[in-house]
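J.: Predicted structure and sequence below. I'll ask about it afterward.
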Amino acid sequence: MPPSEPGPPDPGGTDPREALERLLLDGPRRYTRAQVAELAGVPAERTRRLWRALGFADVADDDPAFTDADVTALSRLSALIDSGFVASGEEASVARAMGQSLSRLADWQTDLLAAVLGGADDDGSGTGSAAAVVASAEQLLPLMRELQDYVWRRHLAANAGRLFLDGPGAVDRRELAVGFADLVGYTSRTRGMGGRELGAMVEDFEGLAADVIARYRGRVVKTVGDGVLFTCPEPVDAVEIGLRLPEEWSAADRPPLRVGAAYGTVLTRLGDVYSPVVNLASRLTSVARPSTVLVDQQLARRLRGVPGYRVRPLRRVSVRGYDHLQPWLVRRRDTAEDAVPGVAALEELLDEIADDVLADDWEEQEWDEGDWDAGHGPATG
């Protein structure tokens, strides 16, 4: 039986839940898993694997849970594989990356509809009724779809330059600064918070982090409740982000922020980053004091001679994976201090010591493939 053309939900239907589902799924559920696989021309086992990779729970073999839109999507994915754009062994990874990103977006958009439903009268009537949710979804869905398409294309355009700047086969391995920003004492500070208060703080943190990171040409890789992982092509931008975040976040009713950053070769894959550099940035964050920024020697070396910053070597520490980790404290150059003769002389001496340490011959560590696997972020502890 060939797929039929999906129709719009019946506005006069008695079940708003079914009407909303038909709107979102472009039609009614009508096919079992085996039927949708056959119609799309994709093996049933691959269909099951992709469904799970997208983040959806298994359905019973006899459950007509799929729609014409599922058939179309599966056919298009099969065409992508056949075209060579997506390798046959990587389709599940691509589906997983898309599913995880869009699942979070869908959670937020569901909250928009929940706000409408939350205003329903006791008898189910009024602007907040279930019927109003369907009407709101009909209005919002095309707008959100167009906006998502625009943002996706804009991000794609922002990344397209890498195709021409890097050599063949080098697009996924880049020299990047990797940074972690972590809320200090998050667990103890939030233990007594209500859901609304905690949600507001997390939203404020993620909003501020996204703003500062974008302002200095960085990219948010992921947020993890009490922390954010970001990357920057330029080391100085990463340091400026690290200094700005604690400054702009600081408030009496907020837990302080600390930042760690490192620089080196990073593998970028499906929106995530993999490298020992990621672990190194995480370890530096774990030993940083509140409201400070610690960097590794690679990043500190790239700050030599940059006006406006000072770097200071700290005592070596032992953390998981690093027996003698050398943290470097980064702070802004204080023009007021430089105006005081005695303080200026001391700072100049400390600058010379730092330069001598950075100028010493040192053997850059080589990493094997096993280290790359172990360097997947985010790592904490």
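T.: That came in fine, so what should we check first? Residues are numbered from 1 along each chain as shown.

J.: how's this structure carved up into domains?
T.: For the chain, automatic domain parsing gives the domain ranges 16-160, 163-374.

J.: tell me the most buried of those?
T.: Neighbour counts (mean count of other C-beta atoms under 10 Å) averaged over each of the domains of the chain peak at domain 163-374, with a mean of 17. Glycine gets a C-beta too; all of them are placed from N, C-alpha and C.

J.: Let me see the mean pLDDT of that one.
T.: Averaged over domain 163-374, pLDDT sits at 83.

J.: which helices and strands does the helix or strand hosting V133 pack with?
T.: Assigned by DSSP states H and E, V133 belongs to helix 130-160. With contacts defined as 3 or more C-beta pairs under 8 Å, 6 or more residues apart in numbering; DSSP states H and E, the packing partners of helix 130-160 are helix 16-25, helix 91-117.

J.: Could you tell me the least trusted of the ones you listed?
T.: Across the helices and strands packed on helix 130-160, helix 91-117 gives the lowest mean pLDDT, at a mean of 79.

J.: could you say what helices and strands that helix packs with?
T.: Against helix 91-117 (3+ C-beta pairs under 8 Å, 6+ apart) you get helix 44-53, helix 68-83, helix 130-160.

J.: Take those and write them to a markdown table, including distance to A34 and mean pLDDT.
T.: What follows is the helices and strands packed on helix 91-117, written out as a markdown table (distance: least, C-beta to C-beta, whole Å; pLDDT from 0 to 100):
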| stretch | distance to A34 | mean pLDDT |
| --- | --- | --- |
| helix 44-53 | 6 | 86 |
| helix 68-83 | 12 | 86 |
| helix 130-160 | 30 | 84 |
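
J.: closest one to R173 among those?
T.: helix 130-160 (14.6 Å; C-beta to C-beta).

J.: Now do that closest one against helix 16-25, angle only.
T.: Relative orientation of helix 130-160 versus helix 16-25 (axes from the mean of the first three to the mean of the last three C-alpha atoms, to 10 degrees): 20 degrees.

J.: Helix 130-160 vs helix 91-117, what angle?
T.: 140 degrees.

J.: How far away from the center of its chain is helix 130-160?
T.: How far helix 130-160 lies from its chain's middle: 19 Å, per C-alpha atoms, centre = their mean, to the nearest Å.

J.: Please report how far A69 lies from I241.
T.: 40 Å (C-beta to C-beta, to the nearest Å).

J.: Also A261?
T.: 8 Å.

J.: tell me, what's touching these two both at once?
T.: Common contacts of A261 and I241 (C-beta atoms under 8 Å, 6 or more residues apart in numbering): G179.

J.: From E45, how far out is the nearest residue to E138 once chain neighbours are set aside?
T.: Computed as C-beta to C-beta, 6 or more residues apart in numbering, the closest residue to E138 that is not its neighbour in sequence is L23, at 6.2 Å. In this view, L23 and E45 are 31 Å apart by C-beta to C-beta.

J.: quick one: the strands in the stretch 201-350 of the chain?
T.: Using DSSP state E, counting those that start in this stretch, the strands found in the stretch 201-350 of the chain span residues 219-223, 227-232, 257-269, 272-274, 293-295, 309-313, 317-319, 322-325, 328-332.

J.: in its sheet, what does the longest one sit against?
T.: When sheet partners are counted by DSSP bridges, strand 257-269 sits next to strand 173-183 (antiparallel), strand 272-274 (antiparallel), strand 293-295 (parallel).
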